[in-house]
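Trainee: Next come a sequence and a model predicted from it.
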Amino acid sequence: MLKNYLKIAFRNITRHKAYNAINISGLAVGMAASILILLWVQHERSYDRFHKNAGQIYRIVVDASGYKAAVNCAGMPAGLQAEMPQVKNYVRLSHQDTHLFEAGDNKFEEKRIFYADPAFLEVFSFPLLKGDPKSALQRIDGVLLTENMAKKYFGEKEAVGQTLKQDNGKTLTVTGVLANVPANSHLQFDFILPIAANTGNAEDLKTNTWRNFNFYSYIQLDKSFVPTEAALAKFNKQMNEIFRQHAVMGMKAEFRLQPITDIHLHSNFQVDLPGHGNIQYVHIFFIVAIVILIVACINFMNLATARSARRAKEVGLRKAIGAVRVQLIRQFMAESLLISFFSLMVAIVMVWCTLPLFNFLAEKNLSLQLLDIKLVLTLLGIALATGVVSGSYPALFLSGFQPVKVLKGNLTSSGGNLFFRNGLVVTQFVVSIVLLIGTVVVYQQLQYIKSRNMGFEKENLLYMPMNGAVAGRSELLGSALKQNALTADYTITSELPINLTTGSLNVQWEGRDPESQVVIPSMDVDEHFFDVFHMQILNGRGFSTAYRADSSSFVVNEKAVQVMGMTVDNAVGKSLYFDGVKGMIIGVVKDFNFKPIQQSIEPLVLCPNRWGGFAVIRAKSGTTEATIKALEKISRELNPAYPFTYNFLDQDLANLYQGEQQMGNIFNLFAVLAVFISCLGLYGLSAFLAQQRAREIGIRKVMGASASNIVYLLSTGFTRLILIAIVIAIPLALLAIDRWLENFAYHIEVNWLIFILGPLAALMIAWLTVSYESLKAAFTNPIKSLKAE
């Protein structure tokens, strides 16, 4: 019986090639779009699940009076292991900005570096291809490389046992080669060095201090620990009690465990590793995938009902010779499933062809692994669900025709069927309008991010890290920069004011509540900083070498003044104790963004720069290339052992919003696809109604109706449906937009014009879609449609 159903279904599909080509195209586009989104969603949700002990690994995170960070003190992990039997192992990681590595003629500055405890390879499942996992991180002069780095520095030679020179001084021995880090790991690195070699945090490591938060700390819990909500709450409580026993008197901080599998999508900390995703975007696009698939199914339903008149006699004849309704339903469902599986094959080809473009837009490296049994079952499930959903209504509708009426040519639709079909069209355009409005808002917010006044002029600022021979030698570098007119407009800062992570709890001021605790970010700047960045001093002055006392003075922002209970007018001259230095506030600078605009402006203390960090140069308009060459010449003269590197500040700022830009790119693509599929469905319904009202149109034309009258007649109903969709879509779009914009401390004010232009665009597209069938009906010879009378 099944074989017979499939044979008839295949015959019907091949008999009506044009109609089924449209059907298969619509479903295939919807499936392909959904598969692409689901590949992205699956990738985002797969982060860190490859670790053998993923269910037992947790990161310790902290909230210190609203200052949320993923870093920890050196003593915490070992202290927990000593006092809590559930803690089986731990790893501390210290993330380094840059190191220079050299092997023979190969010399490169590298950024993806961690210092790690010896248990790194026990806790995490990063395969060690060569070397001994037990001793790889025991040597203080050892280093682990990834496979790519081994080839980069040593070519085809055996890397283990080879030496690398670090920062033109220390010699390291390669103790192991790791497999390249998977893209779905929140830890991205090329080099792992022993934590004992981390001279920058040597004192913290030596004393196992519970004071300074400089390490990303991970613990592995015993398999016997069941991570229920109650068990985790109890663990967190014990952990905080242990911290209070060891911490500096008065320090307030609340610690908790974060599962490693939650880090990528559920992290929103002021201090953290870069590159995290956003669970809200995963939810949004998962819903978009389902909605696009539903829109494609609706499109199929409308096209099927548009062709119902042509199949009515077939149904009537089958019923007349004894076919029962359930047999007809099976027949039509078989056709639907067959079309769905044909569509899946076309969709797979579409995905294969468009995946490079999608990867470019999403900045991913996704692939379609057809040998993955889980993926194959998912694809088959999508095809089966699509076939059942899209075929259910046409099967019930077509099988419900009464044979007597059908064979007499008296084919009419009930009010219920008409209402249902209209509801499908409304649903399609609700989705399309919401996506169109959302696309405009996402675009405007991205433009706002790029053009927003951050409190300083970010254009034409380039910077060079101060390392090697110029590290800590601000006067030497400054003297050289001053001598060239192209680089004379410079400043030297400890950090770049775009994503500050340094701060201090050790802050005191006159009148402070002794029970209160506040973490205040800071950065060190020189006397040129405010001029180079074009910042506004509201009261007092910036730093100056003319005043010796400035070495222990501070400039604060407006937010810091507010937190300290002062005003801009009276803050200058007040004493301030910050991070071990007692001095005086000499100036108040206008608030500026020094973190991504998802975060509101925080209090900031600016201290005099003693060590350097970055040389930032403001290039004059039209001289950027010449300025880069001048800067390179200075770098090669003063620091010949280090390769010259530079970057633009505005480019770094743009990189902070890659996630939002990716979302905008993907959103634009699928909004267009949703509108396209909706128009196919609208075309199907317009064809159905034009066919159903052919006799009426013929009579009207005989009675003198013009083509414009006929077009108006057929378009009015659709216009009404689109207007209903607009009324429903606007509040839904507004709700979704508000939820998304809540992620930004600073965002656009939504213009009501968007809620006019978006729906108007949908209405125009709908009119263009309907006009083809309307004009076709209007210019059809009325004699043809009246022959049946």
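Mentor: That came in fine, so what should we check first?

Trainee: contacts and neighbour counts: CA atoms only from here.
Mentor: Fine.

Trainee: Show the contacting residues for Val440.
Mentor: The contact partners of Val440, by C-alpha atoms under 8 Å, 6 or more residues apart in numbering, come to Ile754.

Trainee: In three-state terms, label it for me.
Mentor: helix (DSSP: H, G, I helix; E, B strand; the rest coil).

Trainee: how far away is Val770 from Thr716?
Mentor: 10 Å (C-alpha to C-alpha, to the nearest Å).

Trainee: Looking at those two now, which is surrounded by more residues?
Mentor: Taking other C-alpha atoms under 10 Å, Val770 and Thr716 do not tie; Val770 has more neighbours (23 against 11).

Trainee: element containing that one?
Mentor: Assessed by DSSP states H and E, Val770 sits inside helix 754-778.

Trainee: Ok, Asn484 next?
Mentor: Using DSSP H and E, no helix or strand contains Asn484.

Trainee: neighbours of it, just the number please.
Mentor: Counted with other C-alpha under 10 Å, Asn484 comes out at 14.

Trainee: quick one: pLDDT of it?
Mentor: As predicted, Asn484 sits at a pLDDT of 89.

Trainee: do Asp132 as well
Mentor: 91.

Trainee: Equivalent analysis for Ser706, please.
Mentor: 69.

Trainee: before we move on, what about Leu396?
Mentor: Looking at Leu396, the pLDDT reads 69.

Trainee: roughly how far apart are the nearest residue to Val29 once chain neighbours are set aside and Leu377?
Mentor: Among residues not flanking Val29 along the chain, Ala347 sits closest, at 6.4 Å (C-alpha to C-alpha, 6 or more residues apart in numbering). Distance, Ala347 to Leu377, using C-alpha to C-alpha: 15 Å.

Trainee: which of those two has more neighbours?
Mentor: Ala347 (26 against 12).

Trainee: Could I get the contacting residues of that one?
Mentor: Ala28, Val29, Met31, Ala32.

Trainee: one step back: before we move on, what SS does the residue nearest to Val29 have?
Mentor: Per three-state DSSP, Ala347 ends up helix.

Trainee: before we move on, what SS does Pro356 have?
Mentor: Three-state call for Pro356 (three-state DSSP): helix.

Trainee: Look up how far Val376 lies from it.
Mentor: Pro356 is 20 Å from Val376, by C-alpha to C-alpha.

Trainee: So Gln508 lies in a strand, does it not?
Mentor: Yes. Gln508 forms part of a strand when assessed by three-state DSSP.

Trainee: change the start of the numbering to 46 and stick with it
Mentor: Happy to do that; since the first residue is 46 now, the last one works out to Gln553.

Trainee: what are the C-alpha coordinates of stretch 70-85, in PDB please?
Mentor: As requested, the backbone C-alpha atoms of stretch 70-85 are provided in PDB (Å, rounded to 0.1, in the frame of the first residue of the first chain):
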ATOM      1  CA  SER A  70      12.000  25.800  -3.900                       C
ATOM      2  CA  GLY A  71      10.000  27.400  -1.200                       C
ATOM      3  CA  LEU A  72      10.500  24.500   1.200                       C
ATOM      4  CA  ALA A  73      14.100  24.100   0.300                       C
ATOM      5  CA  VAL A  74      14.900  27.800   1.000                       C
ATOM      6  CA  GLY A  75      13.100  27.600   4.300                       C
ATOM      7  CA  MET A  76      14.900  24.400   5.300                       C
ATOM      8  CA  ALA A  77      18.300  25.700   4.100                       C
ATOM      9  CA  ALA A  78      17.900  28.900   6.200                       C
ATOM     10  CA  SER A  79      16.800  26.800   9.200                       C
ATOM     11  CA  ILE A  80      19.700  24.400   8.800                       C
ATOM     12  CA  LEU A  81      22.300  27.200   8.600                       C
ATOM     13  CA  ILE A  82      20.900  28.800  11.800                       C
ATOM     14  CA  LEU A  83      20.700  25.500  13.600                       C
ATOM     15  CA  LEU A  84      24.400  24.800  12.700                       C
ATOM     16  CA  TRP A  85      25.300  28.100  14.200                       C
END
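
Trainee: Mind listing what's buried along it?
Mentor: Neighbour-count burial for stretch 70-85 flags 70-83, 85 (criterion: 16 or more other C-alpha atoms under 10 Å).

Trainee: Kindly report the same for stretch 169-182.
Mentor: Using 16+ other C-alpha under 10 Å as the test for burial, stretch 169-182 gives Phe169, Phe171, Leu173, Lys175, Gly176, Pro178, Ala181, Leu182.

Trainee: Stretch 671-687 now?
Mentor: By neighbour count with 16+ other C-alpha under 10 Å, stretch 671-687 contains the buried residues Thr672, Ile673, Ala675, Leu676, Glu677, Ile679, Ser680, Asn684, Tyr687.

Trainee: Might you report the residue contacts of the fourth one?
Mentor: Leu676 makes contact with Leu526, Thr532, according to C-alpha under 8 Å, 6+ apart.

Trainee: and it, what element?
Mentor: Counting by DSSP H and E, Leu676 is found in helix 669-683.

Trainee: I'd like the mean pLDDT over that helix, please.
Mentor: pLDDT averaged over helix 669-683 gives 92.

Trainee: from the chain's centre, how far out does that helix sit?
Mentor: 36 Å (C-alpha atoms, centre = their mean, to the nearest Å).

Trainee: same thing with stretch 516-530?
Mentor: Worked out by C-alpha atoms, centre = their mean, stretch 516-530 lies 40 Å from the chain centre.

Trainee: Please apply the same query to stretch 684-693.
Mentor: With C-alpha atoms, centre = their mean, you get 31 Å for stretch 684-693.

Trainee: Hmm, Arg466 is touching Ala349, no?
Mentor: No. Using C-alpha atoms under 8 Å, Arg466 makes no contact with Ala349, being 10.9 Å away.

Trainee: Fine by me, we can end here.
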